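Trainee: sequence plus the predicted model coming up.
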Amino acid sequence: MSAYHLMLFSHVGLGVAALASFWVAALAKKGSGPHKLAGKVYVLVMAGLLLPAIPLSWRALLHFSTVFGLFLFYLLLITATALWRAWTAVKRKRDFAAYANAAFRRLAWANIAAGAAILGVGAAATQPVLMAFSAVGVLAGRGMLNLAQAGPPHARWWMGEHLSAMLGCGVATHIAFLLIGLPRVLPAAWNGPALQTFGWLAPLAVSAIARVLLSRKYLPAPVQSPRTISPVSTLRSAP
């Protein structure tokens, strides 16, 4: 067995473990023993998953497609960023300054720069998937910078960071399953540009919806500033 096939099979095996542990953590009660254990397994598996992905992305860059190789490295960056945020937000939930440190800001700028670069690559290659995914890095990096500058919006800031980051990791996990694992099992059924586009964009859309629903459930409602309170609502609430 060649080194390439060894890396490929290890990547696929870790991907299956990541998918399973993600859903165990997602379905288990938040804060429970199974949730914490599955979450730790997921983070460790994902960390191991990113290591063989580096030479695989380099191989794609050199021998398959420059555009696709650059996109894979971009996915590595945004996935590693999400994984790091998911882990450190919980570990440093009592120390916001330690979480949003200088490395946090540098990582934010790296995501913004990479997202802008992928937007340019996608526009030049007329690849709508790349152009859509470029927003992930730009928006994530901007959100990180805004958080670092404004400070924690509420006491459960770490939960918001953890949820967003884990959903981002989940997007990467499900894209890998839909576009790498599933085509190997169902090569005839899972083929064609429409299904490929669905595999890239559907996890992104589902994660956006899940972020809204989970925020309503686990995060405090945003506090209205005096400017956002309308005169009508004020008169209605008056005795």
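Mentor: All right, it came through fine. Numbering: from 1, shown residues only.
Trainee: which parts of the protein are helices?
Mentor: In the chain, the helices defined using DSSP state H lie at 3-27, 33-59, 66-91, 96-99, 102-125, 128-150, 157-176, 182-185, 193-218, 231-237.
Trainee: show me where pLDDT drops low in the protein?
Mentor: Where the chain drops to pLDDT under 70, the residues are 1, 3-5, 7-8, 10-11, 180-192, 221-239.
Trainee: so which residue is dead centre in it?
Mentor: Residue closest to the mean C-alpha point of the chain, counted by C-alpha atoms, centre = their mean, is Gly168 at 1.8 Å.
Trainee: any idea which of the helices of the chain is most buried?
Mentor: Sort the helices of the chain by mean neighbour count, taking mean count of other C-beta atoms under 10 Å, and helix 157-176 sits at the top with a mean of 22. Just so you know, the C-beta spots here come from the backbone N, C-alpha and C atoms, and that holds for glycine as well.
Trainee: which elements pack onto it?
Mentor: Using 3 or more C-beta pairs under 8 Å, 6 or more residues apart in numbering; DSSP states H and E as the contact test, the elements touching helix 157-176 are helix 3-27, helix 33-59, helix 66-91, helix 96-99, helix 128-150, helix 193-218.
Trainee: and the contacts of it?
Mentor: 15, 18-19, 22, 25-26, 39, 42, 46, 75, 78-79, 81-86, 89-90, 92-93, 96, 99, 136, 140, 143, 147, 153, 199-200, 203-204, 207, 210-211, 214-215, 218-219 (C-beta atoms under 8 Å, 6 or more residues apart in numbering).
Trainee: okay, angle between that helix and helix 33-59 too, please.
Mentor: For helix 157-176 against helix 33-59, the angle by axes from the mean of the first three to the mean of the last three C-alpha atoms, to 10 degrees is 50 degrees.
Trainee: quick one, helix 157-176 and helix 128-150 angle?
Mentor: Angle of helix 157-176 versus helix 128-150, following the same axes, to 10 degrees, is 170 degrees.
Trainee: so Ala148 touches Ala97, yeah?
Mentor: No. With contact defined as C-beta atoms under 8 Å, Ala148 does not reach Ala97; the gap is 9.5 Å.
Trainee: in contact with the nearest residue to His154 once chain neighbours are set aside, which residues?
Mentor: Using C-beta to C-beta, 6 or more residues apart in numbering and skipping the chain neighbours, the partner closest in space to His154 is Pro220 (5.1 Å). Shown in contact with Pro220 (C-beta under 8 Å, 6+ apart): His154, Ala155, Arg156.
Trainee: and Tyr218, by the same measure?
Mentor: Lys30, Arg156, Met159, Leu163.
Trainee: right, and the pair among those with maximum separation?
Mentor: The most widely separated members of the contacts of Tyr218 are Lys30 and Arg156, with 11.7 Å between them, by C-beta to C-beta.
Trainee: quick check: phi and psi on Gly151?
Mentor: Per-residue torsions, Gly151: phi 90, psi 170 (degrees, to the nearest 10).
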